[in-house]
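Asks: got a predicted structure here, sequence first:
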Amino acid sequence: ILNVEQSPQSLHVQEGDSTNFTCSFPSSNFYALHWYRWETAKSPEALFVMTLNGDEKKKGRISATLNTKEGYSYLYIKGSQPEDSATYLCASRPSGTYKYIFGTGTRLKVLA
Amino acid sequence: EPEVTQTPSHQVTQMGQEVILRCVPISNHLYFYWYRQILGQKVEFLVSFYNNEISEKSEIFDDQFSVERPDGSNFTLKIRSTKLEDSAMYFCASSERGTPGYTQYFGPGTRLTVL
């Protein structure tokens, strides 16, 4: 049974703090990992698509790393701002399938 | 910027009724998906669709569900006889290609409430 886990479930940080979350996924049959940022009442917004072991991607203050051998990805936010408040979702796609398996998300609240 | 749109934003229906949820994917995208999220649970994959065929479906996607691309722009999800447990947020997504390096773009969702 494939399962994707995210931690922590929720997080409150002060404005200016840096933070990171974890996405764990089955390392066997790995094909791709997606990170999304999801604000309430909006569409999930794609942040990163990661496929290669050791991948590091960056978009402004947000970056992500990927370790396919041990089955985890980290998402980092540097200098958190109130507008970073959202749920951050990861989704893993096993090889040989079009199916994406989502984690439960990490709910981030950045306090001004 | 192109976006995926979905209608309606909220649908209320009686148990046993048929519903059709509509999506307009991004125009040059070739792969289409439906997901759902029951309140408090994970987002779950329902089905993927390419070249007018289902390419993969989950165990949730039983005979009550069907998908169609009726006119080259819309992508629909039909639930033939809704059950209470079908109440969820349904998301449509599309991607340019099916290979893993391509981003999936999500619509804003349709909240389905079955009474």
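Replies: Now that the structure is in, tell me what you want to look at.

Asks: is stretch A:30-40 up against chain B anywhere?
Replies: Yes - against chain B, stretch A:30-40 shows contacts by C-beta under 8 Å from any C-beta of the partner chain at A:31-32, A:34, A:36. For the C-beta atoms, the positions are set from N, CA and C on the backbone; glycine is no exception.

Asks: so residue B:23 touches residue B:109, yeah?
Replies: No - with contacts counted by C-beta atoms under 8 Å, residue B:23 stays clear of residue B:109, the gap being 10.0 Å.

Asks: shared neighbours, those two?
Replies: residue B:6 (C-beta atoms under 8 Å, 6 or more residues apart in numbering or on different chains).

Asks: of the two, which one has the most company?
Replies: Neighbours were counted for residue B:23 and for residue B:109 using other C-beta atoms under 10 Å in any protein chain shown; residue B:23 has more, 26 against 23.

Asks: assign a three-state SS to the more buried one, would you?
Replies: strand (DSSP: H, G, I helix; E, B strand; the rest coil).

Asks: dump the residue contacts of the nearest residue to it once chain neighbours are set aside.
Replies: The spatially closest residue to residue B:23, leaving aside those adjacent along the chain, is residue B:92, at 3.3 Å (C-beta to C-beta, 6 or more residues apart in numbering or on different chains). By C-beta under 8 Å, 6+ apart, the contact list for residue B:92 reads B:4, B:6, B:21, B:23, B:25, B:32-35, B:75, B:77, B:106-107.

Asks: could you do residue B:35 as well?
Replies: A:100, A:102, B:43-46, B:90-93, B:106.

Asks: and of those, the nearest to residue A:72?
Replies: Residue A:72 has its nearest neighbour among the contacts of residue B:35 in residue A:102, at 15.6 Å by C-beta to C-beta.

Asks: phi and psi next, for the residue nearest to the spatial centre of chain B.
Replies: Nearest residue to the geometric centre of chain B (C-alpha atoms, centre = their mean): residue B:34, 3.1 Å. Main-chain torsions, residue B:34, degrees, to the nearest 10: phi -120, psi 140.

Asks: bridging residues for the residue in chain A positioned nearest to chain B?
Replies: Proximity of chain A to chain B (C-beta to the nearest C-beta) peaks at residue A:32, 3.3 Å away. Beta-bridge partners for residue A:32, by DSSP bridges, are residue A:93.

Asks: is residue B:37 in contact with residue B:110, as I believe?
Replies: No - look at residue B:37 against residue B:110 with C-beta under 8 Å: they stay out of range, at 11.2 Å.

Asks: any common contacting residues for those two?
Replies: residue B:89.

Asks: more neighbours: the two, which one.
Replies: Neighbours per residue, other C-beta under 10 Å: of residue B:37 and residue B:110, the larger number sits with residue B:110, 22 against 18.

Asks: tell me the phi and psi of residue B:86?
Replies: Per degrees, to the nearest 10, the backbone of residue B:86 is at phi -80, psi -10.
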